[in-house]
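1. Got a sequence here, can you model it:
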Amino acid sequence: MGWHENREFFVSWEELHRATKELARRQLPAEQWQGVIAVSRGGLVPAAIVARELNLRVVESVCVSSYDHDSQRDSVTLLKDVSCTEDGEGFLVIDDLVDTGNTLKFLRKRLPKAKFITVYAKPAGMDLVDDFVADLEQETWIHFPWDMHLHYVEPLAGQES
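-> Have a look, this model is predicted:
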């Protein structure tokens, strides 16, 4: 399989922090927001950064399931709802990535007055997010720092058979 068929994008902690801080800057002035709602699990780290940068103390999570490890299902399951708002007014809903948009379609019905922001966006879901920092091609698989291990890799010359 060639590079054009299987694209991968690796995000470092530093890059994620820089991009998420930029996303937070775009949400100023902070006074317009009552709090943030993290889409668990991918939105937890970005939500913490945005809440810190905007000095917001109300941090809630909505827990949904739409993936089985590395494949997305057609349906979204609500595992834990929010209790801080009925319709999302005054809240930022934050996720790491909008891919196909299935999760955001589901959450927009639940929180129609919220502002939806993600750090990264793919074309199939871009129209469902109100703001994002970087776009990726639809076929690109993104690796977030919380999904990776840092470990020693033997040099190619040492891997001879």
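2. Which single helix of the protein contains the most residues?
-> helix 13-25 (DSSP state H).
3. ok, residues contacting the very next helix or strand once past it?
-> Counting by DSSP states H and E, the next helix or strand C-terminal to helix 13-25 is strand 35-40. With contact meaning Cβ atoms under 8 Å, 6 or more residues apart in numbering, strand 35-40 is reached by 44, 46-48, 50-51, 54, 56-64, 79-80, 82, 84-85, 88, 90-95, 103, 107, 111, 114. Every C-beta, even on glycine, is put in place using the N, C-alpha and C of the backbone.
4. ok now strand 35-40, how far from the chain's centre?
-> Put simply, strand 35-40 sits 10 Å off its chain's centre (Cα atoms, centre = their mean, to the nearest Å).
5. So which bits of the strand or helix carrying Ser61 are buried?
-> Using DSSP H and E, Ser61 sits in strand 59-68. For strand 59-68, burial by neighbour count (16 or more other Cβ atoms under 10 Å) applies to Val59, Glu60, Ser61, Val62, Val64, Ser66.
6. which among those residues gets closest to Arg7?
-> Nearest to Arg7 among the buried residues of strand 59-68, counting by Cβ to Cβ, is Ser66 at 21.4 Å.
7. what residue ranges in this structure are flagged as low confidence?
-> 1-6, 67-73, 158-161 (pLDDT under 70).
8. how about the helices in the protein?
-> So, for the chain - with DSSP H - the helices run 13-25, 44-53, 102-110.
9. Mind putting those helices into TSV with distance to Met126 and mean neighbour count?
-> Output for those, formatted as TSV (distance: least, Cβ to Cβ, whole Å; neighbours: other Cβ atoms under 10 Å):
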stretch	distance to Met126	mean neighbour count
helix 13-25	15	16
helix 44-53	17	20
helix 102-110	10	18
